[in-house]
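Chemist: Generate a structure from the sequence data that follows.
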Amino acid sequence: MQRNRCYGSEIFHKRLCVAKFAEFATQLVKRFKGTASVARNIDAYDHSDVVDYHYGRFPPGDLDLGRLIAPLTRAQDAISRYDQMLLSLPNSELLLAPLRHSEAVISSRMEGTISTVDEVMIYEAEADEGDHAEGRNDAVEVFLYKRVLQRAQQAVAEGEPINEGLIKNAHRILLSFGRGASKSPGQYKIEQNYVGDDRRKIIYFKPVSPLQLQSSMQALLEFIETSPMLHLFKVGIAHVEFEALHPFNDGNGRIGRLLITLLLWKYGLIHKPHFYVSAFFETHKEAYIELMRAVSRDDDWTGWTAFFLQAIAEQAENNLQTAQRIMALYDEMKAPFRDISGSKWHLAAQDSIFENPVFKNSQLIKRSGMPKHVAIRITRLLLEDGLLKELRPASGRRGALFMFEPLMEIVRA
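Modeler: Numbers count the residues shown, from 1 in each chain. This next block holds a predicted model:
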């Protein structure tokens, strides 16, 4: 079997992967210039209910298996059925790529960055290939998180281990623009940070001290690599520990939730890196935060693990339903694309549009390989038939912008 460009156990290959990911991060940092944030006066916040990090109590001892058997069984069954669906897809990246946008929107929204799937996809289409694009800071930040998801998954696929280099480079990309750009992208905190509610001026949690962060991160990474714990338990414990460490000044939640997908993939629980859990955490945000606090306050690792298993089970079931709807739409659209286009390029056009449902003709040509005149004709016919919507007409050197609405309806849901 031919080796991927960066795949392999040799040190050279691993260093090449790290270098490629780091180079991409550097390019984005140069491209997006951020603005400074106003420093917070922590003394003005209510500290009466703050919980401190659980020093000396990671990794946890034995979990209460009696409380975890039922949620573990459900989670294993649900994620297995979801993974079987992934394995049955001829091209999971093509059909499930739009879900990455949805995850980026939801995970970012949990940290106060508000945008929509439509807005992010429009920005991405406008910004493709270095084109000038304008967008709200929030939309650009979500776009960058989507890139983080994509690039981190690619790096792991090409042989890079889940280590500090990968985590720091992912963070560097994430904070290369906007409110986080002044918060040391890709660098661990050097001052104490806090978790709380800015609006209510309340501090909920005090993460690990910067003085003990490096050794604590090493302990977490060692746990990820060597712990004999059941894999689903280990993913949940690793996630809550990362959030308790809060190693960066900003963006910890998004990086921590990215870690879930990468670890599920690393441990073979899913065979392709398409599993996103932020929707469940957003719906149950109060429980998500309180159970994390209970780990440090009460040593209740079992309660957190049960909640995490519930998240995996319910999100696997929801992800499966969404994926099945996308697959059904893809099959349903084969005949219309063939009949409307009347071209041998109909499948290439369909594949490109499903993977990137907001696009310009120049992008359709590049991704599908079809001739320019064919792409123009196909988009015109699809537009006339109502399958495409024109978001912006062509103007000067800027091409028209199109949206494939049937797929967007599923992704928005």
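Chemist: for the stretch 201-350 of the chain, what spans make up the helices?
Modeler: 213-226, 231-245, 252-266, 278-283, 285-298, 301-341, 346-355 (DSSP state H, counting those that start in this stretch).
Chemist: now these in a markdown table, with mean neighbour count, distance to M121 and mean pLDDT?
Modeler: For every residue, glycine as well, the C-beta is placed using N, CA and C. Output for the helices of the stretch 201-350 of the chain, formatted as a markdown table (neighbours: other CB atoms under 10 Å; distance: least, CB to CB, whole Å; pLDDT from 0 to 100):
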| stretch | mean neighbour count | distance to M121 | mean pLDDT |
| --- | --- | --- | --- |
| helix 213-226 | 15 | 33 | 97 |
| helix 231-245 | 23 | 28 | 98 |
| helix 252-266 | 22 | 18 | 93 |
| helix 278-283 | 19 | 17 | 93 |
| helix 285-298 | 17 | 25 | 96 |
| helix 301-341 | 19 | 15 | 95 |
| helix 346-355 | 20 | 11 | 94 |
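Chemist: Please pull up the helix or strand immediately following the helix or strand where S107 lies.
Modeler: Element membership for S107 (DSSP states H and E) is helix 92-109. With elements assigned by DSSP H and E, the helix or strand that comes after helix 92-109 is helix 117-127.
Chemist: got the contact list for that following helix?
Modeler: Helix 117-127 has contacts (CB atoms under 8 Å, 6 or more residues apart in numbering) with 98, 101-102, 104-105, 132-136, 139-140, 142-143, 146, 356-360, 363, 391, 401, 403, 408, 411-412.
Chemist: Filter those residues down to the buried ones, ChimeraX style.
Modeler: Only the buried entries of these go into this ChimeraX selection, using 16 or more other CB atoms under 10 Å:
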select :98,101,102,104,105,135,139,140,142,143,146,356,357,358,359,360,363,391,401,403,408,411
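Chemist: Contact partners for the residue nearest to D52 when sequence neighbours are not counted?
Modeler: In this structure, D52 finds its nearest non-sequential neighbour in K206, 5.0 Å apart by CB to CB, 6 or more residues apart in numbering. Under the criterion of CB under 8 Å, 6+ apart, the neighbours of K206 are 50-53, 192, 194-195.
Chemist: what's the answer for R109, then?
Modeler: By CB under 8 Å, 6+ apart, the neighbours of R109 are 115, 282.
Chemist: Over to D351?
Modeler: 91, 94, 368.
Chemist: ok, now with 6 Å
Modeler: By CB atoms under 6 Å, 6 or more residues apart in numbering, the residues touching D351 are L94.
Chemist: still on that earlier bit, with distance to A75 as new columns, can the helices of the stretch 201-350 of the chain be given to me in JSON lines?
Modeler: Shown next, in JSON lines, are these (distance: least, CB to CB, whole Å):
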{"stretch": "helix 213-226", "distance to A75": "19"}
{"stretch": "helix 231-245", "distance to A75": "6"}
{"stretch": "helix 252-266", "distance to A75": "11"}
{"stretch": "helix 278-283", "distance to A75": "12"}
{"stretch": "helix 285-298", "distance to A75": "16"}
{"stretch": "helix 301-341", "distance to A75": "4"}
{"stretch": "helix 346-355", "distance to A75": "29"}
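Chemist: Understood, closing this out.
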